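A.B. asks: Coordinates for the following, if possible.
(one chain, ligands or ions: 1)
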Amino acid sequence: MAKKPDALQQLVRGLIRAAVGAKPKSPYPRKTLSKKRRYQILERDKFTCRTCGRSAPEVALHVDHIIPVSKGGNNTLENLQTLCVDCNLGKGNQES
Ligand SMILES: [Zn+2]
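C.D. replies: Sure, this is the predicted structure:
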């Protein structure tokens, strides 16, 4: 068996590289959330963490993207939720 990659292998590797690496890491530039929008979310969720139900000032609240910006999520009200710092950072997430 030849140890050098042959032309076909090189072609396949090139295609994989092109498919995987062609896109920039973050095709969706992160737009900062305006204070107004952030407040809208907190108010809608009654200043309560959607996951564990705790609220300020007991916990620090974050406004979280349900679909991460890096995966194409945006700053619409539907894509934003109130999470406490623990839930947002995964400390309250049982999956991890
Ligand atoms: Zn929480």
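A.B. asks: Could you point out the longest helix of the protein?
C.D. replies: helix 7-21 (DSSP state H).
A.B. asks: List, one by one, the residues from the protein near the ion.
C.D. replies: By CB under 5 Å from the ion, the residues of the chain that approach the ion are 49, 51-52, 84, 87. The C-beta positions use only the backbone N, C-alpha and C, and glycine is treated the same way.
A.B. asks: on that earlier part again, what's the following helix or strand after the longest helix of the chain?
C.D. replies: helix 35-44 (DSSP states H and E).
A.B. asks: Report the angle between whichever helix or strand comes after that following helix and helix 35-44.
C.D. replies: Per DSSP H and E, the first helix or strand lying C-terminal to helix 35-44 is strand 61-65. With axes from the mean of the first three to the mean of the last three CA atoms, to 10 degrees defining the directions, strand 61-65 sits at 100 degrees from helix 35-44.
A.B. asks: Now do strand 61-65: which elements does it pack against?
C.D. replies: helix 35-44, strand 80-84, helix 85-88 (3 or more CB pairs under 8 Å, 6 or more residues apart in numbering; DSSP states H and E).
A.B. asks: same question for the first one, mean pLDDT?
C.D. replies: Pointing back at helix 35-44 there. The average pLDDT for helix 35-44 rounds to 95.
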